[in-house]
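S.K.: Here is the input, now give the coordinates:
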Amino acid sequence: MILVKLDRLDAVINNYLLPIALSFLSLFDLFVYFELLKIENLLNVFYLHLIVAVIILLLEGLIFGKILYAHRTRERKWRKLINDAKNPNSIIRLNALTKICELLSLNVHTITRFFIHNGTVTVFLLSLNTADVAIQCKALIGLQSIAICTKRYAQHIVDAGGAAKLIKMLQSNSSQVCEYTLSLLNILTKCEFKFCDECISNNIFSKLMKFATPEAWLEHARITAKFVSDFCKYSNSPFNDKTMVQLTPLIEKLREYSNKEVKDEVLSALSYMAKNGNDPAKIVPKRVN
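M.R.: Model (predicted):
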């Protein structure tokens, strides 16, 4: 909040007060030029301009100093949050993760870039190793906030080994953890080739099977079908035999789900596969209702 208030104060002064002051000063110059143009008044006008210039410089210096101080203070608080997020005490850790997630949810690139460059992605991924479901959920929410900003930010998660950890999280007994994980995997498909390769090497499709059964929750099945569709969309090349062995049973399972949205995503996946060079007739010979 300090940042927002100071930025607004700076904008008000620079965009409104100073232009108004300079405008009045210019009008005063015109008045002096036409009405008081005498040699003995020129020195007074010069001194007036010098005083106004000094006041403007002092005002701008004060604003800059306040913003710089607030910036340094804010960064110290953020670094403390990152350190607290590594604390073995679960309460301190959860509170720190919650505050970091709140900051990331603002979707301000300056804030997101700061946390990425200070190792927050690694902190979030390490938090997934805990047994505390609340901490795991907060870590997944934080990773979603990072991944959703830009493809470059999402790539940081993949580069940090996030794909393997997230695929492992699909085995969690918590439905909420699974839902957050599926949503994050969907977002990460924008990383395209490297992420797709990581998914295949970690046998993601076999781990998604439990979300594709008719008994699975609708939201889980819907997100799984969306992931398969996006995976096929961003692959941009024919799948090899190893991938097909994993993917085909999952598509068959999703076809059995009664929801129309799930079936539509399956059709989209088959369409993308055909576009990329695979033959859908060899994969799913039966018609999708």
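S.K.: Which strands and helices lie in contact with the helix or strand that contains Asp264?
M.R.: Assessed by DSSP states H and E, Asp264 sits inside helix 260-276. Packed against helix 260-276, as judged by 3 or more Cβ pairs under 8 Å, 6 or more residues apart in numbering; DSSP states H and E, are the following elements: helix 218-235, helix 241-255, helix 280-283. For the C-beta atoms, the positions are set from N, CA and C on the backbone; glycine is no exception.
S.K.: how far does that helix sit from the chain's center?
M.R.: Relative to the centre of its chain, helix 260-276 is centred 27 Å away, using Cα atoms, centre = their mean, to the nearest Å.
S.K.: tell me the angle that helix makes with helix 218-235.
M.R.: Computed by axes from the mean of the first three to the mean of the last three Cα atoms, to 10 degrees, the angle separating helix 260-276 from helix 218-235 equals 10 degrees.
S.K.: Of all the residues in helix 260-276, which ones are buried?
M.R.: 262-263, 265-266, 268-270, 272-273 (16 or more other Cβ atoms under 10 Å).
S.K.: what about the helices in the stretch 1-150 of the chain?
M.R.: Along the stretch 1-150 of the chain, the stretches classed as helices by DSSP state H, counting those that start in this stretch are 2-12, 18-35, 39-84, 90-104, 109-117, 120-127, 133-147.
S.K.: who does the longest one touch, helix- and strand-wise?
M.R.: Right, helix 39-84. Where contact means 3+ Cβ pairs under 8 Å, 6+ apart, helix 39-84 is packed against helix 2-12, helix 18-35, helix 90-104, helix 109-117.
S.K.: at 7 Å what do you get?
M.R.: Packing contacts for helix 39-84, counted by 3 or more Cβ pairs under 7 Å, 6 or more residues apart in numbering; DSSP states H and E, involve helix 2-12, helix 18-35, helix 90-104.
S.K.: Would you single out the least confident of those helices?
M.R.: Of all these, mean pLDDT reaches its minimum on helix 2-12 (a mean of 49).
S.K.: Domain parsing of the protein, as residue ranges.
M.R.: 1-84, 88-190, 203-289 (automatic domain parsing).
S.K.: Could you grab the helix/strand/coil label for Thr213?
M.R.: Secondary structure state of Thr213, per DSSP: H, G, I helix; E, B strand; the rest coil, is coil.
S.K.: My guess is it contacts Lys253. True?
M.R.: Yes: counting by Cβ atoms under 7 Å, Lys253 is a contact partner of Thr213 at 6.1 Å.
S.K.: So between the two, which is more surrounded?
M.R.: Neighbours per residue (other Cβ atoms under 10 Å) separate Thr213 from Lys253, with Lys253 holding more: 21 against 13.
S.K.: is it true that that one touches Met209?
M.R.: Yes: assessed by Cβ under 7 Å, Lys253 is found in contact with Met209 at 6.1 Å.
S.K.: list the residues that contact both of those two?
M.R.: When contacts are counted by Cβ atoms under 7 Å, 6 or more residues apart in numbering, Lys253 and Met209 have no shared neighbour.
S.K.: I'd like the domains of the chain written out as a markdown table, with distance to Cys196 added.
M.R.: Output for the domains of the chain, formatted as a markdown table (distance: least, Cβ to Cβ, whole Å):
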| stretch | distance to Cys196 |
| --- | --- |
| domain 1-84 | 31 |
| domain 88-190 | 8 |
| domain 203-289 | 5 |
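S.K.: and the ones you listed, which one's lowest on average pLDDT?
M.R.: Across the domains of the chain, domain 1-84 gives the lowest mean pLDDT, at a mean of 68.
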